[in-house]
Each structure stands twice: as C-alpha cells, then as structure tokens.
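Engineer: Build me a structure from this.
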Amino acid sequence: MRAREIKELVESTSDPSFAADGEGLIVAWNAPAAELFGVPADEAIGKPCGHIVQGVDECGPVCSRDCTIHQAVRKQHPIGNFDLQVHTPQGMRWCNVSVLTAPDEGSSSPYAIHIIKQIDVRKRLEMAMRDFIVQGTGLPVEEASAIISSSRAAASGTELTAREVGVLRLLAKGATTTAIAAQLRISRTTVNNHIQHILRKLDVHTRLEAIRRAEHAGLI
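Structural biologist: Residues are numbered from 1 along each chain as shown. Model prediction:
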C-alpha cells in the first residue's frame, strides 16, 4: 500500500489509530489519537511511535526503537491484541492495542497500523482482582494473571527458538550459566549467546526482566 492509502485508512478509523513504517516512525495519525495522546498530527508524524506512546505493561517499559511488536511486524508474523499502559495528558492510561500489518510498496518491512481501545477502568479492576487472588490463594502473580487476563502481553508475539525457551525455563528455575551449560551439554559461551538473543528479542536488559516478561506473555 502507498503512504497516502495508509493515511486514509487510519483517518477513517473511529478509534485512536496510527501507522508506523518499518523504522518505527509514525506516518499516519488520526484525530482520536491526537485527542488521546494530546499530540497533534503535525507533531507526531515522523517521530518514533515509542517516543509518543511511551507504553509500559505490567513488567515495565515496552516501547522502544526495536520493541517486540516491530520485531514481529518485520518478520510479518501475526500479532494478537495486547494491553498496554500509554502516556496521556491525564497520566498513564490502560488501553488494548490491535496491530494490523500492511505491505509498504517502497520497503520490505510492512506498515504497522495500531488501533487503540481505552480500557483503563476494566484493566484496573482486573489487576485488583489479580492481587486479591494472589493474597487469598498464594498463587504466583503470573498464574493469577493468566486466570483473569483478557489478553496477553505485547511480548506474546515474540518468536523464541526451542533452545531459547529451554534456556529461559532453566533461568526461571534459578540455574546459573554453568549449570545450564552442563545440563544442555553446550558451552558457557553458547549459553551466553542464547541469553543475549533472548534479551534482544524480548527487548529487555537483564535476565530477571526476561523471565518476568516471558512468563507474563505466556512464552514459558
């Protein structure tokens, strides 16, 4: 599709919507998005979408120049809807985000069209219910979230190899690099390489962040 067609599609959507190109730069921004984020189209166009949205999930920051959504879009993988807390003039607000991909005639990376529905009250009630279940039953937060959540986290679209999932599961059990290497019969260097790939794919900086995000997204 051409940029003009993408713009027309976004502007015809009644929900807050925007489109980003393969570099994560906003190319279309409709009036409801301008109202939600408090940013007019002329200030949003050309900016990295993460700079405007500043999204976080229950595990921390999500939006970045190489977020898990853009990774999935570049690989043209389908993306399920997910909940994200976004930056608005009234403070952080929970929304549910659907992402559609559309081919870009001038690039091998498609456009990512984000359609946003505000769910702040519902999400806050959901989180209060989760905390009540945790306190009353002693279930881990991730299990309680899985019981009541209406959608997965943004990272659920991340594609990890079977080996990377195996390494993550061992990390989640508290295994050290040396222990993982011994159990999987691979070198410590190979283990560290797998971990670096996992951190990049999940767009996190530490092993603990990777474990939390993968558990929250249902990847392990």
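Engineer: from here on, contacts and neighbour counts on C-alpha atoms
Structural biologist: Will do.
Engineer: Sketch out the low-pLDDT regions of the protein for me.
Structural biologist: The chain contains residues with pLDDT under 70 at 146-153.
Engineer: report the longest helix in it, please.
Structural biologist: In the chain, with assignment by DSSP state H, the single longest helix is helix 120-137.
Engineer: ranges for the helices of the protein?
Structural biologist: Using DSSP H, helices in the chain cover 3-11, 31-37, 41-44, 49-53, 68-74, 120-137, 141-148, 162-172, 177-184, 188-202, 207-217.
Engineer: What is the third one packed up against?
Structural biologist: Pointing back at helix 41-44 there. Judged by 3 or more CA pairs under 8 Å, 6 or more residues apart in numbering; DSSP states H and E, helix 41-44 is in contact with strand 26-29.
Engineer: and the most centrally placed residue in the chain, what does it touch?
Structural biologist: Taking CA atoms, centre = their mean as the criterion, Ala154 is the residue nearest the geometric centre of the chain, at 2.7 Å. By CA atoms under 8 Å, 6 or more residues apart in numbering, the residues touching Ala154 are Asp57, Val62, Thr68, Ile69, Asn81, Phe82, Asp83, Leu84, Ala217.
Engineer: ok, the second one - contacts?
Structural biologist: Shown here is Val62, whose contacts under the criterion CA under 8 Å, 6+ apart are Gln54, Gly55, Val56, Thr68, Ala154, Asp203.
Engineer: Check which residues of the lengthiest strand in the chain are buried.
Structural biologist: The strand that spans the most residues within the chain, counting by DSSP state E, is strand 91-102. Neighbour counts over strand 91-102 (16 or more other CA atoms under 10 Å) mark Met92, Arg93, Trp94, Cys95, Asn96, Val97, Ser98, Val99, Leu100, Thr101, Ala102 as buried.
Engineer: now swap in stretch 26-46 and tell me
Structural biologist: Here stretch 26-46 shows 26-34, 36-37, 39-41, 44-45 as buried, counting by 16+ other CA under 10 Å.
Engineer: which two from the residues you listed end up farthest apart in space?
Structural biologist: Val27 and Leu36 (17.4 Å; CA to CA).
Engineer: how's the chain carved up into domains?
Structural biologist: Following automatic domain parsing, the chain resolves into domains at 3-119, 160-220.
Engineer: quick one: terminal-to-terminal distance for stretch 200-214?
Structural biologist: 13 Å (CA to CA, to the nearest Å).
Engineer: now stretch 53-66
Structural biologist: Per CA to CA, stretch 53-66 runs 14 Å from first to last residue.
Engineer: I figured Trp94 hits Thr88, correct?
Structural biologist: No - using CA atoms under 8 Å, Trp94 is not in contact with Thr88; the gap is 10.0 Å.
Engineer: Quick check: beta-bridge partners of the nearest residue to Gln118 once chain neighbours are set aside?
Structural biologist: Closest residue in space to Gln118, ignoring its immediate chain neighbours: Cys95 at 4.3 Å, by CA to CA, 6 or more residues apart in numbering. Bridge pairing for Cys95 (DSSP bridges) gives the partners Leu84, Gln118.
Engineer: residues touching Cys95, list them.
Structural biologist: Cys95 touches Asp83, Leu84, Gln85, Val86, Ile116, Lys117, Gln118, Ile119, Asp120, counting by CA under 8 Å, 6+ apart.
Engineer: State the distance from Ser98 to Asp83.
Structural biologist: Applying CA to CA to Ser98 and Asp83 gives a distance of 9 Å.
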